[in-house]
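Undergrad: take a look and give me a structure for this.
(chains A and B)
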Amino acid sequence: MNPTTEDDPVTTTRERTLPTNQLDAGNDRRLTRRLAHDVAATFPDLIATHQDGIFSGVLRMVPTRHDAHDITQETFIRAYRALLGYDSGRIRDLKLRPWLWTIAVNLCRNAARSRKRAAVTVPLVGDDRAATDTVDVAAEGIAAVIADEWQQRLDTLPGPQRNAIVLRHVVGLSYREIATALDRPVGTTKADVHRGLEHLRGLLAAETEETS
Amino acid sequence: MTSPTTSDVVAGLESLRTSAPSSVMVRTLIETGLADQYTTVTGPTGMVLYVAFNDKGVSAVVPAPDEATFLAIYETRVGTQTFPGELPPRLAAGIERTLRTGKLGALPVDLTRLTEFQQAVLRKTTEIPPGELRTYGWVAREIDKPGAVRAVGSALNKNPVPVVIPCHRVGRSDGSIGNYAFGEAMKRDLLEHEGLDAGAVDATAEAGIRFYGSDTTNVFCFPTCRHAGRITDHHRVTFRSQRQAAAAGYRPCKVCRPAAA
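TA: Coordinates of the predicted model:
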């Protein structure tokens, strides 16, 4: 099934995200062709193309900005080492974006597991995701507060729903790509995104009521 | 007030898309060995050396008066990206030892960006003791490529880690000190710092003398070989060519190997 024909629960979303998807897919095909020819020379371009997407998504799946930074970096390092071991045919056939996300999602899961172990002795102190590494705190302030509010809403979702919804609507992956990255059936990820959106809309409605 | 729609939720989620910090690219390139880091050390004659390194070892040494000059030279000689960094302690100690002793020793160097031939030329060069001079022809013969004298010269000229790998200890076949990628003056300074008498080398080369022999041992050497240095004036004989030395019944020194055995 072509990802562009997938049913989307929100029509406006399809209009907004699908052209980007097709553009990204074209970029990735060009990248895999060049990677198949020369991994080292092409890899900086792969990072430049995908780092914002990976970082934006991972940032919503882990507790701190520091974790997001480490996992984004580690995703690319593992991807690079894997590519060095692949022959050119395998590289050319790679679906880069879902492949990178498979690595990133696994790293997020492992980090959560080791945090759980560490939490026994070292309790986590607060959420430093809002702490930006830019100097201009005033300009970043409002965006950070809004991002923080969305984070709190996302954190009320069960893990699989949150991950699916982040990959769909923060990163802009297709359902098929999400299914690959999360290693779940396409139908399940669609249902997760749909339920997640409904849940978030409900939260938003409740908040509106409170303030009005 | 209208109640929020799913579109409001989607718009909110899309606003969470952000840029990765620039350090993601930098750290990833460094960790994968796609970019080097660099710092400065003081060279043997007091000059500033920019030293680039990665997980394989020292990847570049560039004598430069300032960072901009270094980056420009690095760009043309090496070409990969490089970022300021700090030497890991083991590498820092290794570099200090190499610069002090003039011997590469166990210091790891990254020559993986070079051809096998270039690597062989540079490895051979590390066998030349401090303060001694060999020739391009000697290197070519020692690596079993006797016809590749010019290619040896070109490989030495592209040495990414000068001083650390002593390409300054290889000169022209007439015995003169010859050219250096960073200027002949620096080559002379490095050799003199190691105890070589550059003036004496010039005079010997100008006189057409290629080898010194000892009439007590009937062995001939490169003029700067430490065994040649032990021959007293009274017993020293000079040769203009290997053939002349061989005709006189002299055999090549086993240490400096001035001719094929």
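Undergrad: where in chain A is the helix or strand with the lowest mean pLDDT?
TA: Ranked by mean pLDDT, DSSP states H and E, the weakest helix or strand in chain A is helix A:11-37, scoring a mean of 70.
Undergrad: next structured bit after that helix?
TA: Sequence-wise, the next helix or strand downstream of helix A:11-37 (DSSP states H and E) is helix A:39-59.
Undergrad: okay but A:Thr49 is in contact with A:Arg29, surely?
TA: No. Assessed by C-beta atoms under 8 Å, A:Thr49 is found out of contact with A:Arg29, at 11.8 Å. Backbone N, C-alpha and C define where each C-beta goes, glycine included.
Undergrad: who has more neighbours, those two?
TA: More neighbours surround A:Thr49 than the other of A:Thr49 and A:Arg29, with 17 against 14 (other C-beta atoms under 10 Å in any protein chain shown).
Undergrad: and the gap between the residue nearest to that one when sequence neighbours are not counted and chain B?
TA: In space, and not counting its chain neighbours, A:Thr49 is closest to A:Asn27: 5.8 Å by C-beta to C-beta, 6 or more residues apart in numbering or on different chains. According to C-beta to the nearest C-beta, to the nearest Å, A:Asn27 and chain B sit 16 Å apart.
Undergrad: how many residues are close by A:Asn27?
TA: A:Asn27: 16 neighbours (other C-beta under 10 Å).
Undergrad: likewise for A:Asp70?
TA: By the criterion of other C-beta under 10 Å, A:Asp70 has 17 neighbours.
Undergrad: and it, what element?
TA: helix A:65-85.
Undergrad: is chain B contacted by that helix?
TA: Yes. Counting by C-beta under 8 Å from any C-beta of the partner chain, chain B is contacted by helix A:65-85 at A:69, A:72-73, A:76-77, A:80-81.
Undergrad: quick one: distance of that helix to the chain centre.
TA: Centre-to-centre, helix A:65-85 and its host chain are 13 Å apart (C-alpha atoms, centre = their mean, to the nearest Å).
Undergrad: now do the buried residues in that helix.
TA: A:65, A:67-80, A:83 (16 or more other C-beta atoms under 10 Å in any protein chain shown).
Undergrad: which one is residue 96 nearest to, not counting chain neighbours?
TA: You didn't pick a chain, so chain A it is. A:Asp28 (4.1 Å).
Undergrad: oops, wrong one, chain B.
TA: B:Val41 (7.6 Å).
Undergrad: how about the residues of chain B that lie near chain A?
TA: For chain B, the residues in contact with chain A (C-beta under 8 Å from any C-beta) are B:1, B:3-10, B:12-21, B:23-25, B:27-29, B:31-32, B:34, B:81.
Undergrad: okay if I get the residues of helix A:65-85 next to chain B as a markdown table plus pLDDT?
TA: Output for the residues of helix A:65-85 next to chain B, formatted as a markdown table (pLDDT from 0 to 100):
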| residue | pLDDT |
| --- | --- |
| A:His69 | 96 |
| A:Thr72 | 97 |
| A:Gln73 | 97 |
| A:Phe76 | 98 |
| A:Ile77 | 97 |
| A:Tyr80 | 97 |
| A:Arg81 | 96 |
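Undergrad: nearest to B:Gly199 among those?
TA: Relative to B:Gly199, the closest of those is A:Tyr80; by C-beta to C-beta it sits at 53.0 Å.
Undergrad: so what's that closest one up against?
TA: Neighbour list for A:Tyr80: A:39, A:43, B:28, B:32, B:34 [criterion: C-beta atoms under 8 Å, 6 or more residues apart in numbering or on different chains].
Undergrad: that concludes my questions; thank you for your assistance.
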